[in-house]
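**Q** For reference, the sequence and a predicted model appear below.
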Amino acid sequence: MGLLTGVALACLCAWAAKSARRHAEAGATESMPAAPEQAVDPKPLPEAATDIVEYRGFMVHVFCHALSIDRFKAVCDIWEAGAVVLEGGGPPATYPTPDEARVAAIAWARQWVQRNG
């Protein structure tokens, strides 16, 4: 009889501890402030433009990235004979349109090829 009472008491204590833990976890999540909603831009950014241009035997891969609504940056990888000779180069400025950024990156790459090619 003493053994059964001990087992019953142990089960009751385990149940009480588990119930208290659940109650504490529920209280912790309720007291946490709600996460602020993410601001959604009503006008989505345009897709990044990608071009491949051949110049004096070099292949110029141009990648145009949207930094914000009216800020675009273009970088280029320059390849020769199937190997990358310059990765991520480009003009340091940002531009208001992806086309302007692309044109500036191609001009920058041509100058690079003229100096280094």
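**A** Sure thing, it's come through. Owing to the predicted nature of the structure, the values given are computational and were not obtained by experimental measurement. Residues are numbered from 1 along each chain as shown.
**Q** what's the distance between Pro91 and Gly82?
**A** 26 Å (C-beta to C-beta, to the nearest Å). C-beta here means a position set from N, CA and C on the backbone, and glycine is covered the same way.
**Q** Mind checking which of these two has more residues around it?
**A** When neighbours are counted by other C-beta atoms under 10 Å, Pro91 and Gly82 differ, and Pro91 comes out ahead with 17 against 6.
**Q** Report the contact partners of the more buried one.
**A** Neighbouring residues of Pro91 by C-beta atoms under 8 Å, 6 or more residues apart in numbering: 74, 104-105, 107-108.
**Q** shaky segments in this protein?
**A** Scanning the chain for pLDDT under 70 picks out the ranges 1-49.
**Q** those strands in it, which residues are they?
**A** Remark: strands assigned in the chain by DSSP state E are 50-55, 58-68, 71-80, 83-89.
**Q** Out of those strands, which is the most enclosed?
**A** Of all these, strand 71-80 has the most neighbours on average by mean count of other C-beta atoms under 10 Å, namely a mean of 20.
**Q** So what touches that one?
**A** 57-67, 84-91, 94-98, 100-102, 104-106, 108-109, 112-113, 117.
**Q** And for stretch 107-117?
**A** Stretch 107-117 has contacts (C-beta under 8 Å, 6+ apart) with 53, 55-58, 60, 62, 76, 78, 80, 85-86, 89-91.
**Q** mind giving me the domain ranges of this structure?
**A** According to automatic domain parsing, the chain is divided into the following domains: 1-32, 50-116.
**Q** What's the end-to-end length of the last one?
**A** Right, the one you point to is domain 50-116. End-to-end distance for domain 50-116, by C-alpha to C-alpha, to the nearest Å: 23 Å.
**Q** What is the burial count for Arg110?
**A** Neighbours around Arg110, by other C-beta under 10 Å: 16.
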